[in-house]
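J.: here is a sequence together with a model predicted from it:
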Amino acid sequence: MLRITDLVKRYAGGDPVLKNLDLTVEGESVVSIIGSSGAGKSTLLRCINKLVEPSSGSIVLNGMELTTLKGRKLREARRKIGMVFQGFNLVDRLTVMENVQSGRLGYISTWSAISRRYPKQDIRRAYELMERVGIAHYADKRADELSGGERQRVGVVRALMQEPEILLADEPTASLDPKTSEQIMQLLRDLARELSLPVLINIHNVAEARQYTDRIVGMRYGRIIFDGPPAELDETAMDRIYSGSPAADRASPQPEPVS
Ligand SMILES: Nc1ncnc2c1ncn2[C@@H]1O[C@H](COP(=O)(O)OP(=O)(O)OP(=O)(O)O)[C@@H](O)[C@H]1O
């Protein structure tokens with residue numbers, strides 16, 4: 001379970017962009033975070049995996065307080081937080097298998113990683129997961145030879161190789177065409193169920209949030225102002241989340257697909 005209490009983030013010298021935020025995510029729920037540009041969605045995800053340092057407040061993952069961790073303990077905790085990125089963050093010149101195995105970096109020795117001598121059980125697990133998401137036949141292909149949807153599947157498998165206790169996805173479908181985008185959302189939802197994994201997805205596409213997530217968290221100016229099932233996200237709630245924002249923010253934009 002992830003429990004965030006009274007979280008504040010202030011970037012150097014500025015006003016807070018997360019304001020005393022409370023959020024609990026339990027079990028295998030798939031939670032989307034929506035809101036206009038600048039609402040604080042990415043900052044929230046980045047505070048959880050400590051890519052940015054929270055200014056104050058508490059973030060507890062399965063009993064472990066993350067905000068105070070440093071050094072080795074922080075690296076160990078980060079292994080438990082899988083991350084899926086909008087731009088996939090793959091190493092293009094490496095193969096799919098090599099990219100996927102980089103999810104094990106926190107677990108294996110540097111020598112094993114450099115020499116690409118992956119433990120047998122890691123190779124077995126990688127094939128299981130790649131099989132599950134439909135990319136096992138690409139194991140030896142270079143990452144840059146894959147389509148956007150395939151690359152995002154590699155990103156998902158890499159995150160799962162970490163044996164995460166939570167999966168964070170920052171705009172995971174924003175670079176994909178609409179059909180591929182839906183497939184990736186469906187995959188994230190199914191994997192959450194299969195692996196009993198909580199998944200927190202920062203997403204602009206409200207239609208996808210409604211269709212593929214169990215719970216929608218609406219942010220505005222660094223605060224959570226809506227938290228409920230998709231059915232409760234009515235026009236009034238949408239107005240509160242998006243009023244005054246560019247229409248495109250609210251209209252589930254589909255950006256240019258990668259491929
Ligand atoms: N590294 C940074 N330094 C200073 N200010 C930042 C930094 N990162 C984000 N901000 C500011 O924090 C606020 C929240 O940004 P954040 O990226 O979290 O919003 P968001 O809801 O994810 O927006 P978007 O949907 O556009 O990605 C914005 O005002 C932004 O300008």
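T.: Nice, I can see it. Numbering: from 1, shown residues only.

J.: switch to C-alpha atoms for all contacts and neighbour counts from now on
T.: Noted.

J.: near the ligand, which residues of the stretch 1-150 of the chain are found?
T.: Applying C-alpha under 6 Å from any ligand atom, one finds that the stretch 1-150 of the chain approaches the ligand through Y11, V17, S36, S37, G38, A39, G40, K41, S42, T43.

J.: from A39, how far out is the second one?
T.: Read it as V17. According to C-alpha to C-alpha, to the nearest Å, V17 stands 8 Å off from A39.

J.: with L61 instead?
T.: Distance, L61 to A39, using C-alpha to C-alpha: 23 Å.

J.: nearest residue to A231 other than its sequence neighbours?
T.: Excluding its sequence neighbours, the residue lying closest to A231 (C-alpha to C-alpha, 6 or more residues apart in numbering) is R210, at 7.8 Å.

J.: hmm, the one you found is touching E232, no?
T.: No: between R210 and E232 there is no contact under C-alpha atoms under 8 Å: 9.9 Å.

J.: so G57 sits against R10, correct?
T.: No: with contact defined as C-alpha under 8 Å, G57 and R10 do not form a contacting pair (11.8 Å).

J.: spell out whether stretch 175-183 and the ligand are in contact.
T.: No: Stretch 175-183 is not in contact with the ligand by C-alpha under 6 Å from any ligand atom; minimum separation 13.2 Å.

J.: next, the buried residues of that stretch.
T.: Buried residues in stretch 175-183, counted by 16 or more other C-alpha atoms under 10 Å: S175, L176, D177, P178, T180, S181, E182.

J.: list the strands paired with the helix or strand encompassing N20, with their directions.
T.: Following DSSP states H and E, one finds N20 within strand 16-25. Using DSSP bridges, the strands paired with strand 16-25 are strand 2-10 (antiparallel).

J.: give me the contacts around the partner strand.
T.: The contact list for strand 2-10 (C-alpha atoms under 8 Å, 6 or more residues apart in numbering) reads 16-26, 43, 53-62.

J.: which members of these are classed as buried?
T.: 16-22, 25-26, 43, 53-61.

J.: end-to-end on stretch 202-209?
T.: So stretch 202-209: terminal residues 9 Å apart, C-alpha to C-alpha.

J.: and for stretch 74-94?
T.: End-to-end distance for stretch 74-94, by C-alpha to C-alpha: 27 Å.

J.: quick one: buried residues of that stretch?
T.: When burial is assessed from 16+ other C-alpha under 10 Å, stretch 74-94 yields the following buried residues: 77-88, 90.

J.: just the strands in this structure please.
T.: Along the chain, the segments classed as strands by DSSP state E run 2-10, 16-25, 30-34, 56-61, 64-65, 81-85, 166-170, 199-202, 215-220, 223-228.

J.: burial of whatever residue of the stretch 151-259 of the chain ends up closest to the ligand, as a residue count?
T.: Closest contact between the stretch 151-259 of the chain and the ligand, by C-alpha to the nearest ligand atom, is at H204 (6.8 Å). By other C-alpha atoms under 10 Å, 27 other residues sit near H204.

J.: number of residues surrounding M238?
T.: By other C-alpha under 10 Å, 16 other residues sit near M238.

J.: the one 5 residues further on now?
T.: The tally of other residues near S243 (other C-alpha under 10 Å) stands at 14.

J.: do R46 as well
T.: For R46, the tally of surrounding residues (other C-alpha under 10 Å) stands at 17.

J.: likewise L146?
T.: By other C-alpha under 10 Å, the residues close to L146 number 17.

J.: from the residues of the stretch 1-150 of the chain next to the ligand, which two are the most distant?
T.: Comparing all pairs in these by C-alpha to C-alpha, the longest separation belongs to Y11 and S36, at 18.8 Å.
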